[in-house]
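> Structure of the sequence below:
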Amino acid sequence: MPRAWMLALAGVCVFAVVALVMIQIMPAPLKQSDYLIVGSVATLVAMLVLFLVVISTSKDRNVFFRKRKK
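Numbers count the residues shown, from 1 in each chain. Model (predicted):
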């Protein structure tokens, strides 16, 4: 269970960092649609990082395909 907690915490941290960086980069008068874009991009990046971490730390070499039992 500690691995799941660490992955969840890493996902939340990546989301927060990306969201804060994007809010700082965007021009000053932010509209509601700007916050929507920031949240969407931060979610995309956090999920991509989680996917790559899970795939790279997997014990199975062939993650996407399995051999069928005969």
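
> The residue nearest the centre of the chain sits in which helix or strand?
The centroid of the chain falls nearest to Ala46 when counting by C-alpha atoms, centre = their mean (1.6 Å). Here Ala46 sits within helix 32-56, counting by DSSP states H and E.

> elements contacting that helix?
If contacts are counted by 3 or more C-beta pairs under 8 Å, 6 or more residues apart in numbering; DSSP states H and E, helix 32-56 sits against helix 2-25. Yep, even glycine has a C-beta here, placed from its N, CA and C like the rest.

> Give me the angle between the helix it packs on and helix 32-56.
Per axes from the mean of the first three to the mean of the last three C-alpha atoms, to 10 degrees, the angle that helix 2-25 makes with helix 32-56 is 150 degrees.

> ok, now how distant is the nearest residue to Val38 once chain neighbours are set aside from Lys31?
Distances taken as C-beta to C-beta, 6 or more residues apart in numbering place Met22 nearest to Val38, at 4.6 Å, with adjacent residues excluded. Look at Met22 and Lys31: by C-beta to C-beta, to the nearest Å, they are 14 Å apart.

> So between these two, which is more surrounded?
Met22 (17 against 9; other C-beta atoms under 10 Å).

> follow-up on the earlier one: quick check: buried residues in the helix holding Ala46?
Residues Val38, Ala42, Val45, Ala46, Val49, Leu50 are the ones in helix 32-56 that count as buried (16 or more other C-beta atoms under 10 Å).

> any idea how far Ala46 lies from Phe64?
Ala46 is 21 Å from Phe64, by C-beta to C-beta.

> for Val45, that is, sorry about that
22 Å.

> show me where pLDDT drops low in this structure?
1 (pLDDT under 70).

> Can you pull the phi and psi angles for Val63?
phi -70, psi -40 (degrees, to the nearest 10).

> Give me the nearest residue to it, chain neighbours excluded.
Ile55 (5.7 Å).
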